[in-house]
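Participant: Fold the following and give me the result.
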Amino acid sequence: MRFLILFISIIASSVNAFSQAQTEYMTQTTRDRINFTTLNSTNNATLFSIKGDPGKLIGDPYLDTTWQAGNVKFYNRLGVSLTADSLAGVPVRLDLSANEVEIRAGAKDIRAVKSTAVRYVDINNTFGSVSRFMNVREYEGQLDGLTGFFNQLVTGKLSLLLHPSVYVQKANYNVAMNTGTKDDEFIKKTDWYVARGKQAAKFSPNRKTILDLMADKKELVETFLKTEKPNLKSSQGLLAVFAYYNKL
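Facilitator: Next up, the predicted model:
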């Protein structure tokens, strides 16, 4: 009887030891499958998720977040007024995403006006002068459904215009590979345009295109470029060339 009890105890101990070893082995096997799997990540991306903060929209949609004193000229008269069609000396800023002019009427009172209702906005700039943002509707030509405003850097027989805009760069986060970013981001960009009168067209600044545009004064402009050496990749350099041409 003692022998039988001892035999049963030995068998039970062996079974427990085998079960524990099998559990440890299966745990390691499962871990290896997770860490070293060769499953196609595209087909199996939904099997796993990685914990973390959700993505957000970073940046801002404004030409300048700082409120600047400005004058706003509307296409129509304001309210019941028979003559008033503008606001003078009001804090303004341009929302490039919503395509609106924001006007601050008080500490917490902000009014938004669609750009289609505004002919132009004059805004104080960091150079101590005033920048005029003219509605693109005031121009014709190769505008391809353009909206918003042109910053009129130089006006004259050949005008230099800068069109600011913003777009949202979408997140490119890959859950399976844990790479990329979860955040969408506002990306600001500017495009150059030139206009003769009201006819505007997109413009890629370089020496050749400038000389082609100013062909009637080509020799004088060419001499100016050689002697003054303006940076044609900068706003100030282009402004100098166009201002010079318009004086000829």
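Participant: Output the contacting helices and strands for the top strand by length along the chain.
Facilitator: Counting by DSSP state E, the longest strand found in the chain is strand 184-196. On a contact count with 3 or more C-beta pairs under 8 Å, 6 or more residues apart in numbering; DSSP states H and E, strand 184-196 meets strand 57-58, strand 159-169, strand 199-202. Any C-beta I mention is one placed from the backbone N, CA and C, and that applies to glycine too.
Participant: mind redoing it with 10 Å?
Facilitator: strand 57-58, strand 140-141, strand 149-154, strand 159-169, strand 199-202, helix 207-213, helix 235-247 (3 or more C-beta pairs under 10 Å, 6 or more residues apart in numbering; DSSP states H and E).
Participant: contacts for the first one?
Facilitator: Applying C-beta atoms under 10 Å, 6 or more residues apart in numbering, the set of residues contacting strand 57-58 from outside is 168-169, 171, 181, 183-186.
Participant: Would you mind giving the residues you listed as TSV with distance to residue 213 and neighbour count added?
Facilitator: Converted to TSV, the contacts of strand 57-58 look like this (distance: C-beta to C-beta, whole Å; neighbours: other C-beta atoms under 10 Å):
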residue	distance to residue 213	neighbour count
168	33	13
169	32	13
171	41	14
181	41	13
183	41	17
184	38	16
185	35	15
186	32	16
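Participant: Flag the least confident of those.
Facilitator: Across the contacts of strand 57-58, the bottom pLDDT score, 80, is held by residue 181.
Participant: separation between it and residue 61?
Facilitator: 19 Å (C-beta to C-beta, to the nearest Å).
Participant: if we can go back for a sec, residue 88 is nearest to which of the helices and strands packed on strand 184-196?
Facilitator: Smallest distance to residue 88 across the helices and strands packed on strand 184-196 (C-beta to C-beta): 18.2 Å, for strand 149-154.
Participant: Check the offset of stretch 141-159 from the chain's centre.
Facilitator: Here stretch 141-159 is found 20 Å from its chain centre; the criterion is C-alpha atoms, centre = their mean, to the nearest Å.
Participant: which of the residues in it are buried?
Facilitator: For stretch 141-159, burial by neighbour count (16 or more other C-beta atoms under 10 Å) applies to 143, 146, 148-154, 158-159.
Participant: Going along the chain, name the strands of this structure.
Facilitator: Using DSSP E, strands in the chain cover 57-58, 68-74, 86-95, 100-104, 110-114, 118-124, 130-135, 140-141, 149-154, 159-169, 184-196, 199-202.
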